[in-house]
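1. only geometry, no sequence info:
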């Protein structure tokens, strides 16, 4: 398997937030999606980073003083993020994809123009590897 697109969850099926969302909007999106981290996209569709539950929690404490009204006034790009998930291009090889997935629970995938096209989850890669290693199960 050399094509990483085999593992791709397309953008249309991904939960994400836009870089102009407020902290409150990001919290609500994360709650409704049920994920602990979401990709951040520009309105043009470019990948801008990753926001996590922890990032939002610290932003509420440090920027909004635990006040949801203030969370409506602050944009998510204003908050300090602990670590952005580093994206890969659609042309990335499997070795590099697996290396990246070993350090983050999903890998954002971008095209040649840096437009976000979806994610590859670590779970999808592990499932594929498991089927290769244990075909009889």
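-> Perfect, thanks for sending it. None of the values given here were measured: they were computed from a predicted structure.
2. can we go C-alpha only for contacts and neighbour counts from here?
-> Fine.
3. please look at residue 36 and residue 50 and confirm they touch.
-> No. At 10.3 Å, residue 36 and residue 50 do not qualify as touching, with contact defined as Cα atoms under 8 Å.
4. who's more crowded, the two?
-> The residue with more neighbours, out of residue 36 and residue 50, is residue 50; 21 against 12, by other Cα atoms under 10 Å.
5. quick one, phi psi at the more buried one?
-> Main-chain torsions, residue 50, degrees, to the nearest 10: phi -140, psi 140.
6. can you measure across stretch 81-92, start residue to end residue?
-> 25 Å (Cα to Cα, to the nearest Å).
7. hmm, who's touching it?
-> 3-5, 47, 49-52, 55, 97, 100, 104, 106-112, 114 (Cα atoms under 8 Å, 6 or more residues apart in numbering).
8. ok, now stretch 59-77?
-> 19-26, 51, 79-80.
9. kindly recompute the last result at 10 Å.
-> For stretch 59-77, contacts defined as Cα atoms under 10 Å, 6 or more residues apart in numbering pick out 17-27, 40, 48-51, 53-58, 78-81.
10. starting at the chain centroid, how far to that stretch?
-> 21 Å (Cα atoms, centre = their mean, to the nearest Å).
11. and it, what's buried?
-> Neighbour-count burial for stretch 59-77, counted by 16 or more other Cα atoms under 10 Å, picks out 59-60, 63-64, 71, 74-77.
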